[in-house]
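# just a sequence and a predicted model for now, questions to come.
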Amino acid sequence: MAGSRRKGLARSAKLAGLPMSIMARRVTATGRAMMTGASRGDLDDELIDKAADQVFAVLGELKGGAMKLGQALSVAEASIPPRFADRYREALTRLQSQAPPMPTSSVHRMLAEQLGTRWRERFTTFDDTPIAAASIGQVHRAIWRDGRTVAVKVQYPGADTALMSDLKMLQMFSGAFGLMMPGADTKALIAEFIDRTADELDYRIEADHQRRFAKVFAGDPAFEVPRVIASAPKVLVSEWLQATPLATIIAGGTKAQRDRAGHLLIEFSLSAPVRVGYLHCDPHPGNFQLLDDGRLGVIDFGASIALPGGIPPVIGELARCAMDEDYDHLVTVLQDNGFVRHGHALDLGPIERLVTPIVAQLRGESVHISRELLQGHTVRALEKRNISLTNSKAVKAPTEIPELAMLGRVFAGVIGVCAQLDAEGPFVDLVTQWLPGFTEDGEAA
């Protein structure tokens, strides 16, 4: 018990030390500017580099919420303006799949606690070396007693306490991430993580989610969801998925592979709420793989939410207004559905300036989702005349509409992965087919 308490204090100390160190460096940079006459812009860039190095070093060492936030931010990497992008791409991508492995003795102890002291009898072989590590657990390859190759996800001891502790601590310096992710609402992101984290800590809940998806997509020509074989609160055993991770496709895949992966990722994310009644809410490349037969494999269903009615039709209606550039009606829909505070007027200028350039690139049969597309949007969003939209008292904060915050984060992540893939295809057709409210009759096509 004392050892766990000391580790917890050490973790908190590392996280708590970040904002003070970053603040100290900002003061130092200002002093250097005064003493040397150097460009404050150059010094700010240097400060940001040093702050990022420190943040990523701690995130890479810690498990739990710190790494989970890093994974979420890594998906948004494609939207970083060009002057920042090269510095953080490697570090952000590294956070998607790397974490220090737990000792073998801890793995065996957790398996004994969760599957029983005779857990080895369930497996023909069990590889003690993990093949993947995530925010709250790591994955081992094994052979189940019936001969099937399986993936065994084992939760880190104390991950439940550490995860909540990390997330609450990260709230204290969410502004530090703004240095690395201009325009990202990290405060809302962290708040939403905290609200929806509990289910991810019980692998039985994840197993139930995965079973729902696997049942619906069984035999599907486009998607593969591994079946669950056994589950316990902190251990999950499912069929092995032999495929190429999207991170590998992003790094060196062919254009056909990248376009295929992007198309299937968007189709899965849009269609699952309609077909399953659930939304997969963790869209980073580590959770998707491309099979040799062209299907998209999907794993890690801990972050899933029920959407029994599918995506709310108002989202599709807003998207249709944007595509039609009917901004007056868009504002009316926002007001009628409670997105704008009662008695407040919404300035159309920032909306038009932000939406019109995006819509212009969505015209035609094929859409190219590129880094340049997202970077251009981010640059425009940071312009002084447009940033007033996100700061407007007329617009409700994402945390005030939790479902909207979740949908916004998920689909921003999906688009971010597609931009990393540099994917091109008839994506608007998928929106027309699967997004309720996008067509004139208010239903998905």
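Received it, and whenever you're ready, just let me know what you need. Residues are numbered from 1 along each chain as shown.
# domain parsing of this structure, as residue ranges.
In terms of domains, the chain is parsed into 2-96+160-190, 104-159+198-239, 243-445 (source: automatic domain parsing).
# start to end distance for the second one?
Translated: domain 104-159+198-239. 22 Å (CA to CA, to the nearest Å).
# again, but for stretch 333-350
From start residue to end residue, stretch 333-350 stretches across 17 Å - CA to CA.
# report pLDDT for Val55.
Note on Val55: pLDDT of 58.
# hang on, Phe223 packs against Leu296?
Yes. Counting by CB atoms under 8 Å, Leu296 is a contact partner of Phe223 at 5.4 Å. From N, CA and C alone the C-beta is placed, and that goes for glycine too.
# overlap in contacts of these two?
264, 268 (CB atoms under 8 Å, 6 or more residues apart in numbering).
# could you tell me which residues within stretch 306-325 count as buried?
With burial defined by 16 or more other CB atoms under 10 Å, the residues of stretch 306-325 counted as buried are 307, 310-323.
# what about Val414, how many residues nearby?
Using other CB atoms under 10 Å, Val414 is surrounded by 22 other residues.
# now Arg260: which helix or strand?
helix 255-275 (DSSP states H and E).
# which of the residues in that helix are buried?
Buried residues in helix 255-275, counted by 16+ other CB under 10 Å: 257-275.
# go on, stretch 144-161?
If you call a residue buried by 16+ other CB under 10 Å, then stretch 144-161 has these buried ones: 144, 150-157, 159-160.
# so which residues of the stretch 201-350 of the chain form strands?
223-224, 228-232, 235-239, 244-245, 278-280, 288-290, 296-298, 304-306 (DSSP state E, counting those that start in this stretch).
# what are the contacting residues of the fifth one?
Applying CB under 8 Å, 6+ apart, the external contacts of strand 278-280 come out as 209, 212-213, 268-269, 272-273, 287, 298, 301, 303-307, 311, 406-407, 410.
# which SS class is the closest residue to Val152 other than its chain neighbours?
Nearest non-adjacent residue to Val152, counting by CB to CB, 6 or more residues apart in numbering: His140, 4.6 Å away. Following DSSP: H, G, I helix; E, B strand; the rest coil, His140 is assigned to strand.
# picking up where we left off before, secondary structure and pLDDT added to the buried residues of stretch 144-161, as JSON lines?
Output for the buried residues of stretch 144-161, formatted as JSON lines (DSSP: H, G, I helix; E, B strand; the rest coil; pLDDT from 0 to 100):
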{"residue": "Trp144", "secondary structure": "strand", "pLDDT": "97"}
{"residue": "Val150", "secondary structure": "strand", "pLDDT": "98"}
{"residue": "Ala151", "secondary structure": "strand", "pLDDT": "97"}
{"residue": "Val152", "secondary structure": "strand", "pLDDT": "97"}
{"residue": "Lys153", "secondary structure": "strand", "pLDDT": "96"}
{"residue": "Val154", "secondary structure": "strand", "pLDDT": "96"}
{"residue": "Gln155", "secondary structure": "strand", "pLDDT": "92"}
{"residue": "Tyr156", "secondary structure": "coil", "pLDDT": "89"}
{"residue": "Pro157", "secondary structure": "coil", "pLDDT": "87"}
{"residue": "Ala159", "secondary structure": "helix", "pLDDT": "79"}
{"residue": "Asp160", "secondary structure": "helix", "pLDDT": "77"}
